[in-house]
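**Q** Task: produce atomic coordinates for the following.
(2 chains)
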Amino acid sequence: MEITGAQALIKSLEREGVEVVFGLPGGAILPVYDPILDSPIRHILVRHEQGAGHMAEGYALATGRPGVAMVTSGPGATNIVTPIANAHMDSTPLVVVTGQVARAAIGTDAFQECDITGITMGITKHNFLVSSPHEIPRAVAAAFHIATTGRPGPVLVDLPKDVAQSRMEWWYPEGLEELDLPGYRPLVGLDEAELERAAALLATSERPVLYVGGGVLKARAHEQLRAFAERTRIPVVTTLMARGAFPDSHELALGMPGMHGTYAAVTALQRADLLLAVGTRFDDRVTGRVSAFAPGAKVIHVDIDAAEINKIRRVEVALRADAAGALGALEEMGAAPANLDVWWKEIRTWQESYPLTYDPPVEAGPLRPQHVIESIHAASPEGTVVAAGVGQHQMWASQFWRFEEPGTWINSGGAGTMGFGVPAAIGAKVGRPERTVWCIDGDGCFQMTAQELTTARAEGIPIKVAILNNAYLGMVRQWQEMFYEERYSEVYLDADLPDYVKWAEAMGCVGLRARTPAEMRVAIEEANAINDVPVVVDFRTDTSEKVFPMVAAGASNDDIMVHPSQRGRA
Amino acid sequence: MSPEPFLGDVEHSPVRHHILSVLVENKAGVLARVAGLFARRGFNIYSLAVAPAESHERFSRITIVVDAETAPLEQVFGQLHKLVNVVDISDIAPDDAVERELLLATIATDVDNRTSLLDVIGAANASIIDVDAHHVTVMLAATPEGCDALERALEAHPGVELHRTGRVAVPRLGVPTHEPARSR
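**A** Take a look at the predicted model:
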């Protein structure tokens, strides 16, 4: 059967089981937008290409399936660079198709030409410039294979316009051999000797901690994790990327470690004699000053990416494997420490002395942002999916929401991409339409990508957005307050400019505003009752609220600053 | 094989280096991927040589001399292996390697310097491969230290234009190559 390259591309996406593509057409990708009309694949027309990328990420994080975005060449391609970098940092499986100028025009500075494979070389797991229509099926199949196996990540397929227009005899690769990837061999299998050594370290440990990262979610290893933790009774900390991998309500859960982690999680890592680090990469936001991180701990590191092992921290045992396989094997061996009662007793005193807290709400307002998050959580259905932007609101959301299952926390971790929240929430809702999806956003973040609410309204994607509007770039303000002698430089945004309610309404959404706890409760109830259009609630929050606990950048985790109301406690 | 040149004591490079022999797919942009990886991870490349590999036009071999002070070798290996186009890496410790490099130099000659120049060329076991009324071009295939020595000796002569290829290396016979666990 002879078809065009454009048809082959769409057919290839269908073969990969793609149900939705987030994108925006333009000159070089035009040929591919014609066969989309005849395809069962749903296309969601975004208002800015960055939105397409973050939607694809949100979809992937919520469903575990690869997200797909498609944009044109030049500025279309460069606009999606941020989401690609974000997905690269957070190991999110993404396939991005970019249009490219015709082969003969490449290298001539043609209209809307840019070297997107060159630009994204360092921020993709791999990328392809497709040189002939015959190669399209192989490139697409390889892109999905690479994006979703091993350590997942973004893969870009750059498609010259004339390749899309040329005709080819349809074929599709059958099996890995035909993908022609002689250098791509994701890890499989466990080293028995290393497993034995891990079991031996576990057996003699008195203060172990399960330091759980996003790899547990990527490997869908949450059940293995739970079984292993429950049998061994090892306390569990879940990093920002792993929220939802272990239930926050579980008695073994200590919450999030790191710069804004719970006192118990941070201190348990510091005092541990053994870290079982699973699918995590010793990020600086977790370790604080590396030389002072968990100084008495031996480390068993489980990671599918061998380059992560010994990158930041020298380890005693390396299990180069996926989290499910490694945890399953350790469970099968019955590896366990002895009695942890003394360790737990110590941990319980930290939990009791320094729980997450905030000042009591004030009836006249302004709102406490933490109170808003707890109230939304309390009023929303079980299994609600939460997306966040980046900053104070993100940290509060991670701290004060209670995550009970995978795929319910959609967030930008490694890259810290402001503006991630709204489009990511849209992508998550597309992937899991039966779930309530809230975006907890900041006023600064919201202004970066809010235009995608037009997309949400047009496409019938009823997400809910809570703007924690403190009129500032709050996290930067917090640092200027604490570390720059309250010299506030370029952080004021004005709570009333723009008028978020009018803006929401202009985009076809319902706009609400709440200034007091009473108004807040009404607004949340109203928002949760609306299921046909997107809702935006402008929550007016207290500017002076800061995120605690906090470990200052570059400081030791031993120097954790707790909430002011807890200072001086033993 | 020509004997080692003698031009006084050979000064060893102060850089603690390792030689990576990297087999890559012979595709457009692969060298940029490898070089880009080194640049963004802050690994210093001391020298680099690329050519189609033995036996197969599908592959090329990149010989990279990496400054082992700038990055743990394990990291360089791990990150390189993650490049999809990298098929195989072997690491040859300098003591276990037979290394050679090619040097070409064109030198202006006149009556005054011809004799001393010929002395240098002779002592280095370099050969004259091209000549005109006012220049000679010499070639030396030798160890990197041998090439260093000739380069220094030629510095005394004005009007020298000198090119070096960067080294290629194979393991000394009887020494097993070292290949840490691979992955991505």
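**Q** The closest residue to chain B within the stretch 201-350 of chain A: how many residues sit nearby?
**A** Nearest residue of the stretch 201-350 of chain A to chain B, counting by C-beta to the nearest C-beta: A:A307, 2.9 Å away. Yep, even glycine has a C-beta here, placed from its N, CA and C like the rest. By other C-beta atoms under 10 Å in any protein chain shown, the residues close to A:A307 number 22.
**Q** Work out for me the element the closest residue to it other than its chain neighbours sits within.
**A** In this structure, A:A307 finds its nearest non-sequential neighbour in B:G78, 2.9 Å apart by C-beta to C-beta, 6 or more residues apart in numbering or on different chains. Element membership for B:G78 (DSSP states H and E) is helix B:73-82.
**Q** Am I right that A:R540 is in a helix?
**A** No. The assignment for A:R540, made by DSSP: H, G, I helix; E, B strand; the rest coil, is strand rather than a helix.
**Q** Close to chain A: what parts of chain B are there?
**A** Within reach of chain A by C-beta under 8 Å from any C-beta of the partner chain, chain B has these residues: B:24-25, B:28-29, B:32-33, B:36-37, B:40, B:58, B:72, B:74-75, B:78-79, B:81-88, B:181-184.
**Q** Give me the buried subset of those residues.
**A** Buried members of the residues of chain B next to chain A, counted by 16 or more other C-beta atoms under 10 Å in any protein chain shown: B:24-25, B:33, B:37, B:75, B:78-79, B:81-88, B:182-184.
**Q** per-domain residue ranges of the chain.
**A** Since you didn't name a chain, this refers to chain A. A:2-179, A:192-353, A:369-540 (automatic domain parsing).
**Q** that's the wrong chain, I wanted chain B
**A** With automatic domain parsing as the reference, chain B has domains B:17-96, B:98-169.
**Q** how far out from the middle of the chain is the first one?
**A** Chain-centre distance of domain B:17-96: 13 Å, with C-alpha atoms, centre = their mean, to the nearest Å.
**Q** And the most centrally placed residue in chain A, how far from B:D96?
**A** In chain A, the C-alpha nearest the mean C-alpha coordinate belongs to A:N411, at 3.7 Å (C-alpha atoms, centre = their mean). Using C-beta to C-beta, to the nearest Å, one gets 48 Å for the distance from A:N411 to B:D96.
**Q** which intervals of chain B have sub-threshold pLDDT?
**A** By pLDDT under 70, the low-scoring segments of chain B are B:1-15, B:55-56, B:176-184.
**Q** so which residue of it comes closest to chain A?
**A** Closest point on chain B to chain A, by C-beta to the nearest C-beta, is B:G78, at 2.9 Å.
**Q** Do I have it right that that residue meets A:A306?
**A** Yes. Counting by C-beta atoms under 8 Å, A:A306 is a contact partner of B:G78 at 5.2 Å.
**Q** hey, where'd the helices end up in the stretch 301-450 of chain A?
**A** Applying DSSP state H, counting those that start in this stretch to the stretch 301-450 of chain A gives helices spanning A:323-333, A:341-353, A:369-379, A:392-400, A:421-431, A:443-449.
**Q** and the angle for the third one with helix A:392-400?
**A** Here helix A:369-379 runs at an angle of 50 degrees relative to helix A:392-400 (axes from the mean of the first three to the mean of the last three C-alpha atoms, to 10 degrees).
**Q** Residue 160: how many residues sit nearby?
**A** In the absence of a named chain, this looks at chain A. Neighbours around A:P160, by other C-beta under 10 Å: 24.
**Q** My question was about chain B, not that one.
**A** By other C-beta under 10 Å, the burial measure for B:V160, its neighbour count, is 15.
**Q** Grab the longest strand from chain B for me.
**A** Scanning chain B for the strand with the most residues, using DSSP state E, yields strand B:97-108.
**Q** ok, and for that one, which residues are buried?
**A** Buried residues in strand B:97-108 (16+ other C-beta under 10 Å): B:97, B:99-107.
**Q** Okay, buried residues for the very next helix or strand once past it please.
**A** Once the chain leaves strand B:97-108, the next helix or strand it forms, by DSSP H and E, is helix B:114-123. Neighbour-count burial for helix B:114-123 flags B:117, B:120-121 (criterion: 16+ other C-beta under 10 Å).
**Q** ok, which stretches of the stretch 251-400 of chain A are strands?
**A** A:253-255, A:274-278, A:298-302, A:317-319, A:385-388 (DSSP state E, counting those that start in this stretch).
**Q** Please apply the same query to chain B.
**A** Under DSSP E, chain B gives strands at B:17-25, B:45-52, B:59-67, B:86-92, B:97-108, B:127-131, B:135-142, B:160-164, B:168-171.
**Q** Is it correct that A:R477 falls within a strand?
**A** No. Counting by three-state DSSP, A:R477 is not part of a strand but helix.
**Q** Give me the nearest residue to it, chain neighbours excluded.
**A** A:V491 (4.6 Å).
**Q** go on, B:V120?
**A** In space, B:V120 is closest to B:A153, 4.8 Å off (C-beta to C-beta, 6+ apart).
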